[in-house]
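[1] take this sequence and fold it.
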Amino acid sequence: MEIIIGENAGFCYGVKRAVDNAIKEARIGVTYCLGEIVHNQNVIEKLEKAGVIFINNIEQAKGKTIIRAHGVPKDVYEKARKSNIALIDLTCPSVLKIQQMVEDYSKKDFFIIIVGDNKHPEIIGIKSRAGTKYAVIANKEEINKVLKKIQNEKNILLISQTTHSSIKFDEIAEELKRQLKNNVHLEIKKTICPSTEIRQKETKEIAKKVEMMVIIGDKRSSNTNKLYEISCKYCDKVLFIADENELDIKKMKDIKTIGIMAGASTPKEDIIRVKNKLEEV
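    From the prediction side, this is the model:
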């Protein structure tokens, strides 16, 4: 059996930075984290063992508190200040740039269209900086519901969740350019993280040349779900697993080539354990 592991599989810079710093802070003293630092249960359990205490809202914090990689709504900073809670901001640098961009364009009276999952923590944080003139859509099929809102708008900004599908963003951008009137100023900022785009492209290339793809990561992870969707388009057999314990070896006895890709919130050790188990087949 030939096993091909994506070179870009596993932790991205923003996630590694957040996880490493969370462990470092926990060693120094009691450390809280507002929400799950990343969408990966194995990582969460590792951090809990290191001493990180996960909370759901800032009011539960009793000491220094981590802002996770996804970022948080703007009012969290003010609430922490009033409660004298020290914040350790580990928001991904790419997300921070989007948050600032949205604030700046909102002040210039732009209507902001955000491509992504409306309930995702990153989007919730971004929306809090967009004022009242914004909409969130996931694909081009949802454009019509936005067109009614923006029919009197002259300036529009199109941005994306950092982990969204590059293909879906491009489709939305093209559809907006086609449907908007000539007197409407549309600015397109493809704010998908570069590592996300690279990982998606690599997944596509591997999926084209193997008999089976194995995607490793948490089912709640946006970027990992996108890898699964891409794999399903180019490979007939695709498994989406959290770790090696979910591998069904019986399904792989006659498989000669397997591709492995993992989301940005999947640690390297999970990938290695999956590889080792596959090599036992």
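[2] what are the ranges of the strands in this structure?
    Secondary structure of the chain, counting by DSSP state E: strands at 2-5, 31-34, 52-55, 65-67, 87-89, 111-115, 134-137, 155-160, 185-188, 212-216, 237-241, 257-262.
[3] partners of the third one, with directions?
    Looking at strand 52-55 with DSSP bridges, its partner strands are strand 31-34 (parallel).
[4] one more: the fifth one?
    Next to strand 87-89 in the sheet, as set by DSSP bridges, lie strand 65-67 (parallel).
[5] so which residues make contact with the partner strand?
    Identification of contacts with strand 65-67 by Cβ atoms under 8 Å, 6 or more residues apart in numbering yields 18, 21-22, 25, 31-34, 37, 52, 55, 58, 76, 80, 85-91. Every C-beta, even on glycine, is put in place using the N, C-alpha and C of the backbone.
[6] please pick the buried ones from those.
    Taking 16 or more other Cβ atoms under 10 Å as the criterion, what is buried in these is 18, 21-22, 25, 31-34, 37, 52, 58, 76, 80, 85, 87-88, 90-91.
[7] any idea how this protein splits into domains?
    For the chain, the structural domains run 2-10+194-279, 13-92, 94-188, going by automatic domain parsing.
[8] would you turn those domains into TSV with mean pLDDT?
    Converted to TSV, the domains of the chain look like this (pLDDT from 0 to 100):
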stretch	mean pLDDT
domain 2-10+194-279	93
domain 13-92	95
domain 94-188	95
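[9] pull out the buried residues from stretch 90-102.
    Quick answer for stretch 90-102 (16+ other Cβ under 10 Å): 90-92, 94-95, 98-99, 101-102.
[10] can you give the distance of stretch 141-150 from its chain's centre?
    Distance of stretch 141-150 from its chain centroid, counting by Cα atoms, centre = their mean, to the nearest Å, is 24 Å.
[11] numbering from 22 from now on, please.
    I'll keep to 22 as the first residue from here, and by that count the last item is stretch 162-171.
[12] gap between the two ends of that stretch?
    For stretch 162-171, the first-to-last residue distance is 16 Å (Cα to Cα, to the nearest Å).
[13] what do you get for stretch 60-76?
    15 Å.
[14] which residues touch that stretch?
    Outside stretch 60-76, the residues within contact range by Cβ under 8 Å, 6+ apart are 40, 43-44, 46-48, 51-59, 82, 86-87, 238-239, 241-243, 245, 263-264, 284, 286-288, 291.
[15] just the buried ones out of those, please.
    Buried among those by 16+ other Cβ under 10 Å: 40, 43-44, 46-47, 52-59, 82, 86-87, 238-239, 242-243, 245, 263-264, 284, 286-288, 291.
[16] the residues you listed in helices, which ones?
    40, 43-44, 46-47, 243, 245, 291 (DSSP state H).
[17] Ile25: how many residues sit nearby?
    Here the number of neighbours of Ile25 (other Cβ atoms under 10 Å) works out to 15.
[18] if I look at it, how far off is Val167?
    40 Å (Cβ to Cβ, to the nearest Å).
[19] Ile193 too?
    Distance, Ile193 to Val167, using Cβ to Cβ: 10 Å.
[20] same check on Asn139?
    Asn139 is 12 Å from Val167, where distance means Cβ to Cβ.
[21] those two: who's more crowded?
    The residue with more neighbours, out of Asn139 and Val167, is Val167; 19 against 13, by other Cβ under 10 Å.
[22] list the contacts of the residue lying closest to the more buried one once chain neighbours are set aside.
    Nearest non-adjacent residue to Val167, counting by Cβ to Cβ, 6 or more residues apart in numbering: Ala156, 4.6 Å away. Contacts for Ala156 were tallied using Cβ under 8 Å, 6+ apart; they are 132-135, 166-167, 170-171.
[23] ok, these vs Ile276, which is closest?
    Ile135 (39.9 Å; Cβ to Cβ).
[24] how close does the residue nearest to the closest one when sequence neighbours are not counted get to Ile213?
    Distances taken as Cβ to Cβ, 6+ apart put Val157 closest to Ile135, at 4.8 Å, once the chain neighbours are dropped. Using Cβ to Cβ, Val157 is found at 15 Å from Ile213.
[25] what's the answer for Val97, then?
    Separation of Val97 from Ile213 (Cβ to Cβ) stands at 25 Å.
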